[in-house]
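> Mind folding the following:
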Amino acid sequence: MDDHVGDILAQRAKLENGAGVAIFFSVLLHAAVTAIAGWTAWHHASSEPTSVMMIRFAQPQAVAEMRGGPPSPAAIAAEDRGAPPQPKPKPIEKKTAPPSPFGKSTKKPAEPPPPPATRNPPPAAPASQEVPVGGSAVTGLEGGDFPYTLYIERMKTLIGSHWLRPQVGDLTSGTVYFTIDRDGSIRDARVETLSGNGLYDRAALRAVLETSPLPPLPFGYNGTYLGVHLKFR
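Coordinates of the predicted model:
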């Protein structure tokens, strides 16, 4: 009987050991399944792309306009009127000295050459350098180019009004040299060519000196003086 009981206890022990092993493997399998399921869910979640939300902020100027509200009618009217026009400055008038009445040049422009003639004309007589007016003639000028013939004519007229020719021969003549400053003053007057008659030479020199001052030299003349060789006859 004791042997029979021992067999029963041995079988029971084997059954208990087999149940424990089965429970252990069941728990282990359950834990493995749970771990695999958790890893799969985590991997799926990490592989999905992260969504980004873009927020666009309003410009400072637009925010200021929304806060400021619509402009007032007075401001709109002021903008329409604009700033008042500024008065134009008055031009500055330049004061200039009155020009000399003899400032305009009387030199004639160059004339075109004449057409060639079929026959050779006779040679023309050389023009005289003397410009006779009454009893005097200008034989030369010094100081620069002086094309103002109106001034020369006026000078000879004024000197001729003081010229009292002595009663001498008609062929008697003499030359007086003098200079004219910019203001018309006559300087350095002297008898340059004697006539052979002292009374005649003194009368010619006196006519020049009594005419001073002459009109001012033309404003277009660049020289500082004008030297004149005036022949009396």
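> count of neighbours near residue 198?
Number of residues near residue 198 (other C-beta atoms under 10 Å) recorded here: 11. For the C-beta atoms, the positions are set from N, CA and C on the backbone; glycine is no exception.
> actually residue 158, sorry about that
Residue 158: 17 neighbours (other C-beta under 10 Å).
> Would you mind measuring from it to residue 89?
47 Å (C-beta to C-beta, to the nearest Å).
> What is whichever helix or strand residue 158 is part of packed up against?
If you go by DSSP states H and E, residue 158 is part of helix 149-160. Applying 3 or more C-beta pairs under 8 Å, 6 or more residues apart in numbering; DSSP states H and E, one finds that helix 149-160 contacts strand 131-133, strand 136-142, helix 198-211, strand 225-232.
> Which elements pack onto the helix or strand that comes right after it?
Next along the chain after helix 149-160, taking DSSP H and E as the criterion, comes strand 174-181. Where contact means 3+ C-beta pairs under 8 Å, 6+ apart, strand 174-181 is packed against strand 186-193, helix 198-211, strand 225-232.
> Pick out the least confidently modelled helix or strand of the chain, by mean pLDDT.
Every helix and strand of the chain was ranked by mean pLDDT, DSSP states H and E. The lowest is strand 131-133, at a mean of 38.
> Point out where the chain drops to low pLDDT.
For the chain, applying pLDDT under 70 flags the ranges 1-28, 30-35, 37-85, 93-136.
> what do you get if the cut-off is 80, keeping everything else the same?
Per-residue confidence for the chain (pLDDT under 80) gives these ranges: 1-140, 143.
> what's the distance between residue 203 and residue 230?
Distance from residue 203 to residue 230, by C-beta to C-beta: 13 Å.
> Would you mind telling me which of the two has more residues around it?
Using other C-beta under 10 Å, the more surrounded residue of residue 203 and residue 230 is residue 230, with 23 against 19.
> burial count for residue 232?
Using other C-beta under 10 Å, residue 232 has 26 other residues around it.
> Identify the residues contacting it.
The contact partners of residue 232, taken as C-beta atoms under 8 Å, 6 or more residues apart in numbering, are 135-136, 163, 165, 173-176, 195, 200, 204, 207.
> measure it to residue 175 for me?
From residue 232 to residue 175 the distance is 7 Å (C-beta to C-beta).
> Could you double-check that residue 174 sits in contact with residue 208?
No - using C-beta atoms under 8 Å, residue 174 is not in contact with residue 208; the gap is 11.5 Å.
> So for those two, which residue has more residues nearby?
residue 208 (25 against 21).
> Tell me how far the more buried one lies from residue 158.
10 Å.
> tell me the SS of residue 29?
Three-state call for residue 29 (DSSP: H, G, I helix; E, B strand; the rest coil): helix.
> ok, how many other residues are close to it?
When counting by other C-beta under 10 Å, one arrives at 10 neighbours for residue 29.
> picking that back up, of the helices and strands packed on helix 149-160, flag the one that's most buried.
For the helices and strands packed on helix 149-160, the largest average neighbour count (mean count of other C-beta atoms under 10 Å) is found in strand 225-232, namely a mean of 21.
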